[in-house]
Structures are given as structure tokens and as C-alpha cells.
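Participant: Just the structure for this:
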Amino acid sequence: MSKTRQISITLPEDLIETIKAAVDRGEARSVSSYIASRLAPGVVMDTLFAEWDADRGAPAAEDRAWADQELERVFAEQAKNARGDSAA
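Facilitator: Numbers count the residues shown, from 1 in each chain. Here you go, the predicted structure:
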């Protein structure tokens, strides 16, 4: 078992309610375990991207800007679909 330490964080109220509801549904043992389980994959990805950048160099600014723009577009489309808005 890995060592744990208590910290304090501030989150938006709606996010807290979403996390608590997930815990109530049995998706996690606690708020802390829920948050840790969601952060862990991101930490792994950050490490992989750092290794990639170290080996091959970081993406050019214009490539990063394009990727950011595409992610924003896809996230907006997903949010629109989740709300049930008509397709564009």
C-alpha cells in the first residue's frame, strides 16, 4: 500500500457534488480515492509526454496550438451532445 498524506484542496461546488454522488454510488471508497483514481492516469501521461519531449523534442508552438484548438472543438461538441443540442 502506498503512503498517503492529508492535504486540503478547493474545488467548485458542482464538482464536489459530482464526486460525492459517485462515492455514494459505490464508484470509489471515498472522495480522496475518487480523486486519486482520476489523477493517476494524467500523471502517467505527463511522464510519457515528458519522456517523448526529452527524446524527440517538444512539438512546435503551431502544432501545439492546432492540437489545443482541436481538443477545444471536440470537447465543445461533446458538451453540446451531452446537453442534447441539435447537431451542427
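Participant: From one end of stretch 21-33 to the other, what's the distance?
Facilitator: According to C-alpha to C-alpha, to the nearest Å, stretch 21-33 extends 13 Å from its N-terminal end residue to its C-terminal end residue.
Participant: following the helix or strand where Thr47 lies, which helix or strand comes up?
Facilitator: Thr47 is part of helix 31-56 when elements are defined by DSSP states H and E. Stepping forward along the backbone from helix 31-56, the first helix or strand reached (DSSP H and E) is helix 61-83.
Participant: shaky segments in this structure?
Facilitator: Applying pLDDT under 70 to the chain picks out residues 1, 86-88.
Participant: any idea how it splits into domains?
Facilitator: Split into domains by automatic domain parsing, the chain comes to 12-57, 59-88.
Participant: which other helices and strands contact the helix holding Thr47?
Facilitator: The contact analysis (3 or more C-beta pairs under 8 Å, 6 or more residues apart in numbering; DSSP states H and E) places helix 31-56 against helix 13-24. For the C-beta atoms, the positions are set from N, CA and C on the backbone; glycine is no exception.
Participant: got the contact list for the helix it packs on?
Facilitator: Identification of contacts with helix 13-24 by C-beta atoms under 8 Å, 6 or more residues apart in numbering yields 11, 28-31, 34-35.
Participant: go again using 7 Å as the cut-off
Facilitator: With C-beta atoms under 7 Å, 6 or more residues apart in numbering as the contact definition, helix 13-24 has outside contacts at 28, 30-31, 34-35.
Participant: sorry, back to before: Lys3: which of the domains of the chain is closest?
Facilitator: Distances from Lys3 to each of the domains of the chain were compared by C-beta to C-beta, and the smallest falls on domain 12-57, at 12.4 Å.
Participant: Now the terminal residues of that closest one, how far apart.
Facilitator: End-to-end for domain 12-57, by C-alpha to C-alpha: 36 Å.
Participant: quick one: that domain to chain centroid distance?
Facilitator: From the chain centre to the centre of domain 12-57 is a distance of 6 Å (C-alpha atoms, centre = their mean, to the nearest Å).
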